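J.: Need coordinates for the below:
(one chain, ligands or ions: 1)
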Amino acid sequence: MQRRDFIKASAVLAASAALPGCKQATGSFSDDLILDWRPYTGKLKYTFTIATYSRTETPLVLVRLRWRDYVGYGEASMPQYLGESTDSVTAFLARVAAEVLPRFKDPFLMDAILSEVDALAERNTAAKAAVDIALHDLVGKILGRPWWQIWGYDAALTPCTSYTIGYDDSDDVVNEKIEEASWTKVVKVKLGMGEEKDKRMINLIRAKLDTVICVDANQGWKTKEEALDMINWLSERNVSFIEQPMAKEDLDSAAWITERSPLPVIADEACQRLADIPRLKGAYDGINIKLMKCTGMREAHRMAEMARGLGMEVMLGCMTETSVAVSAAAQLSPVARWADLDGNILLANDCFSGMKLTDGKITLNDKPGIGVEPLTPFEEL
Ligand code: MG
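T.: Next up is the predicted model:
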């Protein structure tokens with residue numbers, strides 16, 4: 001048996017074994033919450049390089065949660081730095097199927113279910129997000145409403161998404177990426193490679209595009225003075241904000257930079273979960289919320305509302321993800337000032353349809369849950 005087939009078989013076995021009496025094989029409906037999953041390799045259109053590493057594909061795990069005749073979809077994306085893998089995610093999902101879901105017959109007990117999932121392990125945030133997204137999708141479908149509407153948001157207020165142009169040493173490759181980004185209203189650039197390389201990237205883009213640029217230093221700038229010099233230089237080049245200028249642990253430097261910066265400074269690596277936000281107030285102007293960091297839609301919603309309550313800006317980000325996780329994050333986009341939800345566009349093999357862009361602006365649909373449809377039957381992924 002191939003390793004991939006074995007993982008698939010194990011997933012179904014683990015889910016079935018945990019749920020004696022479930023009727024998934026016969027097609028009749030069960031009150032059990034039935035979880036299964038498929039490992040999936042996300043292929044990137046371009047090699048993706050940031051200050052800390054390069055890659056050409058991303059391991060993903062797509063998740064399905066069924067209850068009666070309703071089906072919810074979720075996803076875990078595992079970029080290297082999160083410390084999760086296909087094995088760690090599928091092992092965690094097997095525990096959710098065996099230890100948490102058999103004790104619940106009512107998917108509306110979302111808070112209790114997701115609190116128990118969170119308590120299973122300290123980390124595994126992407127695996128937790130996969131379950132959380134699938135449960136939100138399922139409950140939204142039972143209610144017949146999309147989550148942006150359940151949360152009471154106005155779908156007209158969505159921002160444009162930025163589209164990321166990753167670093168490359170070749171001018172030709174960068175120019176090709178710039179060409180591909182010509183549709184977007186906001187370009188995101190990954191800097192933090194050193195002054196010469198950073199300025200070269202901005203100059204190459206500015207030679208071809210006059211759209212707004214947002215800059216992500218990914219903790220790459222080494223001193224607060226270097227960071228502020230770069231920010232001042234960038235502020236004269238139609239840049240809208242700066243993400244994570246220095247190391248996530250260095251709150252004092254972040255506060256020093258934010259106090260002097262002509263541009264808003266946003267925490268990304270420094271802001272993983274809800275509990276991080278209060279200490280970031282004053283050190284950063286805003287936070288970048290990502291479902292894979294924060295365990296999913298439940299906590300992302302709480303983070304957005306806490307940030308707004310503290311007078312901080314909300315940005316939404318993503319990993320390289322299919323339309324499942326991107327559409328889930330997009331449900332919150334009406335309260336985000338900025339969105340970087342381009343993970344599905346960076347993929348060459350998105351296997352779902354969902355949130356669309358209209359002239360770069362996030363366009364939420366009226367479909368219930370997270371508003372996605374599989375392009376390939378789940379069993380065949
Ligand atoms: Mg970032």
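
J.: can I get the CA coordinates of stretch 104-121 in CSV?
T.: This file holds the C-alpha atoms of stretch 104-121, laid out as CSV (Å, rounded to 0.1, in the frame of the first residue of the first chain):
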residue,chain,number,x,y,z
PHE,A,104,-21.1,15.4,21.1
LYS,A,105,-24.3,14.9,19.1
ASP,A,106,-25.1,18.6,18.7
PRO,A,107,-22.8,20.6,16.4
PHE,A,108,-24.2,23.9,17.9
LEU,A,109,-22.2,23.2,21.0
MET,A,110,-19.3,24.9,19.1
ASP,A,111,-17.8,26.6,22.1
ALA,A,112,-17.6,23.3,24.1
ILE,A,113,-16.4,21.2,21.2
LEU,A,114,-13.7,23.7,20.1
SER,A,115,-12.5,24.3,23.7
GLU,A,116,-12.0,20.6,24.1
VAL,A,117,-10.2,20.4,20.8
ASP,A,118,-7.9,23.2,21.9
ALA,A,119,-7.2,21.5,25.2
LEU,A,120,-6.0,18.3,23.5
ALA,A,121,-2.5,19.8,22.9
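
J.: Point out the residues in the protein that sit beside the ion.
T.: With C-beta under 5 Å from the ion as the criterion, the chain meets the ion at residues D216, E243, D268. Backbone N, C-alpha and C define where each C-beta goes, glycine included.

J.: now, which of the residues you listed lie within strands?
T.: D216, E243 (DSSP state E).

J.: which residue does the stretch 201-350 of the chain bring closest to the ion?
T.: D268 (3.6 Å; C-beta to the ion).

J.: longest strand of the protein?
T.: Of all the elements of type strand in the chain, the one with the most residues (DSSP E) is strand 34-49.

J.: How far does that strand sit from its chain's centre?
T.: Distance of strand 34-49 from the chain centroid (C-alpha atoms, centre = their mean, to the nearest Å) equals 13 Å.

J.: Now do the very next helix or strand once past it: which elements does it pack against?
T.: On the C-terminal side of strand 34-49, the closest following helix or strand by DSSP states H and E is strand 54-67. With contacts taken as 3 or more C-beta pairs under 8 Å, 6 or more residues apart in numbering; DSSP states H and E, strand 54-67 sits against strand 34-49, strand 70-77, helix 86-95, helix 125-143.

J.: between these, which gets nearest to V174?
T.: The closest of those to V174 is strand 34-49. By C-beta to C-beta, the value is 10.1 Å.

J.: Roughly how far does the residue nearest to Y153 when sequence neighbours are not counted sit from E180?
T.: Nearest non-adjacent residue to Y153, counting by C-beta to C-beta, 6 or more residues apart in numbering: P334, 3.8 Å away. Distance of P334 to E180, computed by C-beta to C-beta, to the nearest Å: 27 Å.

J.: just to revisit the earlier point, for E313, find the nearest of the helices and strands packed on strand 54-67.
T.: With C-beta to C-beta as the criterion, E313 lies closest to helix 125-143 of these, at 22.3 Å.

J.: in the stretch 51-200 of the chain, what residue is nearest the ion?
T.: Counting by C-beta to the ion, the stretch 51-200 of the chain gets nearest the ion through K190, at 8.0 Å.

J.: Just give me the neighbour total for that residue.
T.: The number of residues packed near K190 is 21, by other C-beta atoms under 10 Å.

J.: If I look at it, what pLDDT would I see?
T.: Note on K190: pLDDT of 90.

J.: what do you get for F6?
T.: F6 carries a pLDDT score of 41 in this model.

J.: returning to that earlier point: just list the residues touching the residue of the stretch 201-350 of the chain closest to the ion, thanks.
T.: D216, N218, E243, Q244, I287, N288, K290, G317 (C-beta atoms under 8 Å, 6 or more residues apart in numbering).

J.: From I113, how far off is the residue of the stretch 51-200 of the chain closest to the ion?
T.: 36 Å.

J.: likewise M78?
T.: With C-beta to C-beta as the criterion, M78 and I113 are 22 Å apart.

J.: picking up where we left off before, could the helices and strands packed on strand 54-67 go into CSV alongside mean neighbour count and mean pLDDT?
T.: CSV is the format used below for the helices and strands packed on strand 54-67 (neighbours: other C-beta atoms under 10 Å; pLDDT from 0 to 100):
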stretch, mean neighbour count, mean pLDDT
strand 34-49, 19, 90
strand 70-77, 27, 98
helix 86-95, 20, 98
helix 125-143, 27, 98
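
J.: need these in a markdown table with distance to Q149, can you?
T.: A markdown table is the format used below for the helices and strands packed on strand 54-67 (distance: least, C-beta to C-beta, whole Å):
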| stretch | distance to Q149 |
| --- | --- |
| strand 34-49 | 26 |
| strand 70-77 | 16 |
| helix 86-95 | 29 |
| helix 125-143 | 9 |
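
J.: Sketch out the low-pLDDT regions of the chain for me.
T.: Scanning the chain with the threshold set as pLDDT under 70 gives 1-29, 49-53.

J.: Domains in it, by residue range?
T.: Structurally, the chain divides into domains by automatic domain parsing as follows: 3-145, 149-380.

J.: Perfect, that will be all.
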